[in-house]
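Visitor: missing the sequence, but the structure's below:
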């Protein structure tokens, strides 16, 4: 591995969480040299979504050590962590406080859609750049010109699975209408539109009709529990229909709910796979595993890329001022990140390959990446 690749990787990630209503044991600031620049990460370290915060924190710590040790900027970065407690109101409070701190140059936001919106709004109101690590909600960057994200949106994931299906010459698909929210509806809509635009045919939107009308694949966009129940129905038809889905399928909870899902071939998307061996991802995988004794997941990788983009923008602009960071990130093209080659589009969302995974023997494995140009309606 060349030093230049390792240098790009080491721009790493970082994590903040602003002062919550009462102190959290997970709030901390790293000791830094006198000349420092603060980067804040507001994310869930406690509560129902702490699994994502834990992974993000690990990725941030690794990258922060790399960037400061190698002297990639003319100053040291200090990572400030603040806990949202997996709660939207707490996210709003801590984000508003940290965004108002004059020592903070930029913010990375974690957590679910409502938390991410609160963090993004606080940063925009304070004039601070914010990079959302895992906010896939369509249109969230429209909050303002300071709001960026490093993950792809929900419609992009639906479009990627449709493009992948058509690349395998799958001609027909069922997209059952299931109880869900705007996110799952947008996923199904983007899948249908892309599949048909690429010459495929949607044969049914009713799950029970699969008993007598077997399509090439079934696309499911719903909660984990609803998708798992639907897979059980599909499996009972004993027709070997492949299942495509994108809502949190790559989790132990989904695998438990679906039962013996391996008897139905399942595909999903994710933002990162340790099995996808690019130069940047291989370096990240190797360093992360050596540090923590386990492979990184997508939350760690997205956190890494979020800070990498901020640090790269600081270096390119030779400034830690908000307007300069925003300008540099807005013009970013072909950046080799851990989660893929990133170009920021005009909505400040990344154009980058989408990872496709397949369920095998109780775990999801990497299949391929779908390039942005293969998704006519998902860019």
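Guide: All right, it came through fine. Fair warning: this is a prediction, and the values are worked out from it, not measured in the lab.
Visitor: how about the strands in the stretch 51-200 of the chain?
Guide: Taking DSSP state E, counting those that start in this stretch, the strands of the stretch 51-200 of the chain run over residues 76-83, 104-109, 130-132, 147-149, 172-174.
Visitor: again with the stretch 251-379 of the chain
Guide: Counting by DSSP E, counting those that start in this stretch, the strands of the stretch 251-379 of the chain are 266-270, 335-337, 340-344, 350-351, 354-360, 363-370.
Visitor: need the ones you listed in JSON lines with mean pLDDT, can you?
Guide: Listed next are these as JSON lines, based on pLDDT from 0 to 100:
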{"stretch": "strand 266-270", "mean pLDDT": "88"}
{"stretch": "strand 335-337", "mean pLDDT": "92"}
{"stretch": "strand 340-344", "mean pLDDT": "95"}
{"stretch": "strand 350-351", "mean pLDDT": "96"}
{"stretch": "strand 354-360", "mean pLDDT": "89"}
{"stretch": "strand 363-370", "mean pLDDT": "90"}
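Visitor: before we move on, back to that, right, so the strands of the stretch 51-200 of the chain: which one is the most enclosed?
Guide: strand 130-132 (a mean of 31; mean count of other C-beta atoms under 10 Å). Heads up, the C-betas are built off the backbone N, CA and C, glycines and all.
Visitor: Remind me what it packs against, helices and strands.
Guide: Helices and strands touching strand 130-132, by 3 or more C-beta pairs under 8 Å, 6 or more residues apart in numbering; DSSP states H and E, are strand 104-109, helix 113-126, strand 147-149, helix 298-317.
Visitor: The longest one relative to strand 354-360, how many degrees between them?
Guide: So that's helix 298-317. 160 degrees (axes from the mean of the first three to the mean of the last three C-alpha atoms, to 10 degrees).
Visitor: for the second one, same thing?
Guide: Between helix 113-126 and strand 354-360, the angle formed by their directions is 160 degrees, by the same axes, to 10 degrees.
Visitor: Figure out how far helix 113-126 is from the centre of its chain.
Guide: 17 Å (C-alpha atoms, centre = their mean, to the nearest Å).
Visitor: What residues sit buried inside it?
Guide: 113, 115, 116, 117, 118, 119, 120, 121, 122, 123, 124, 126 (16 or more other C-beta atoms under 10 Å).
Visitor: give me every residue that touches the fourth one.
Guide: When you say that, I think you mean residue 117. 135, 137, 140, 143 (C-beta atoms under 8 Å, 6 or more residues apart in numbering).
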